[in-house]
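# Sequence below, structure please.
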Amino acid sequence: MWSVVVRKSAEKQLDRLSKSAQVKIILALETFKSNPFSGDIANLKDSIWRRRVGSYRITFELIKFRRIIYVIEIKRRTTTTYS
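Next up is the predicted model:
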């Protein structure tokens, strides 16, 4: 099992989303606990990854040796999401 830690800034971003989007993202975060490599993920750099959940992106840091996932950001995909 992996531990999932959602940073305060990501929690605030999640709270601002619609209820239906929140449900989808929370389900995706739950799947991280058993397998963080499932779903549509991509390595952005070093230990920073992103997972696509519909039109939203979850940016997270993966610490493999400690089996911890730090959720950094939850944003709707736009042209400026990764800049």
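# What does the residue in the chain sticking out farthest from the centre show for phi and psi?
What lies farthest from the middle of the chain is Phe65; by CA atoms, centre = their mean that is 18.9 Å. Backbone torsions of Phe65, given as degrees, to the nearest 10, read phi -70, psi -20.
# Arg51 belongs to a helix, doesn't it?
No. Counting by DSSP: H, G, I helix; E, B strand; the rest coil, Arg51 is not found in a helix; it is strand.
# where does Phe37 fall, phi/psi-wise?
Phe37 adopts backbone torsions of phi -100, psi 10, taken as degrees, to the nearest 10.
# and it, what pLDDT?
For Phe37, the model assigns a pLDDT of 91.
# where's it relative to Ser20, distance?
To Ser20, Phe37 is 25 Å away according to CB to CB, to the nearest Å. The way it works is simple: take the backbone N, C-alpha and C, and place the C-beta from them, glycine included.
# Kindly report the same for Leu27.
11 Å.
# Ok, Val6 next?
19 Å.
# Tell me where this protein has helices.
Secondary structure of the chain, counting by DSSP state H: helices at 8-15, 19-34.
# Low-confidence regions, the protein specifically.
Applying pLDDT under 70 to the chain picks out residues 79-83.
# Grab the most central residue of the chain for me.
Ile58 (2.9 Å).
# Okay, and the beta partners of it?
Beta bridges link Ile58 to Arg51, Ile74 when assigned by DSSP bridges.
# That one and Thr31 touch, don't they?
No. Between Ile58 and Thr31 there is no contact under CB atoms under 8 Å: 10.9 Å.
# what sits against the residue nearest to the centre of the chain?
Ile58 makes contact with Ile25, Ala28, Leu29, Arg50, Arg51, Val71, Glu73, Ile74 under the criterion CB atoms under 8 Å, 6 or more residues apart in numbering.
# Ok, Asp15 next?
Counting by CB under 8 Å, 6+ apart, Asp15 makes contact with Gln22.
# same deal with Lys75?
Gln13, Tyr56, Arg57, Thr59, Thr81.
# Kindly give a single PyMOL line that selects the buried subset of those.
Only the buried entries of the contacts of Lys75 go into this PyMOL selection, using 16 or more other CB atoms under 10 Å:
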select buried, resi 13+56+57+59
